[in-house]
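# Give me coordinates for this.
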Amino acid sequence: MVGALAGLDSSMSIAGVGGPKSRLLDQWGDMIHSAFGVMPYLVGSANETKDWHDVDVRVIIPDTTFLQIFRRLPQPHSASPIWRLVCDAMSAWGQAFTGLPIDFQVQPQSLSDEKFKGRPRHALFHVNDWDTTTWEMAGD
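From the prediction side, this is the model:
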């Protein structure tokens, strides 16, 4: 993985999110990764254009884990009070930390693959803060 990350510049801005805000978004992504143990992703219009109304951030977890935590799979997971609480709290925290209108959601892997297959996802992390010496590519 070191080779894959070597060319990345953590000062690069994310699609429609400007430089300083994109760095805050990446730093927030590091904290999400620490909490959930999986990489968060920027998806939706803010990942593709400068014409966006909110910043969609998704954490995609295995279906079994999603079911254990939120008790409903796959739809309508929004009917789960726990899911709404987690997503609303994370959205509010993201907005306070980044100054961006964050729409945070946890999604089960099957839903994400089915509904959003082929759509771009931008992993949120701050390169300079990661110890990439221990990373391996899948299949290495």
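# In CSV, list the C-alpha atoms belonging to the host helix or strand of Q68.
Per DSSP states H and E, Q68 falls inside helix 63-70. Output of helix 63-70 as CSV, limited to C-alpha atoms (Å, rounded to 0.1, in the frame of the first residue of the first chain):
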residue,chain,number,x,y,z
ASP,A,63,-24.4,-6.7,6.7
THR,A,64,-24.0,-8.9,9.8
THR,A,65,-22.4,-6.1,11.7
PHE,A,66,-25.0,-3.6,10.5
LEU,A,67,-27.8,-6.0,11.7
GLN,A,68,-26.2,-6.5,15.1
ILE,A,69,-25.9,-2.7,15.7
PHE,A,70,-29.0,-1.3,14.1
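# now the helices for the chain?
Remark: helices assigned in the chain by DSSP state H are 2-6, 19-36, 45-48, 63-70, 81-98, 109-116.
# in the fourth one, what counts as buried?
Neighbour-count burial for helix 63-70, counted by 16 or more other CB atoms under 10 Å, picks out 66, 70. Heads up, the C-betas are built off the backbone N, CA and C, glycines and all.
# go on, the fifth one?
For helix 81-98, a neighbour-count test (16+ other CB under 10 Å) marks 83, 86-87, 90-91, 94-95, 98 as buried.
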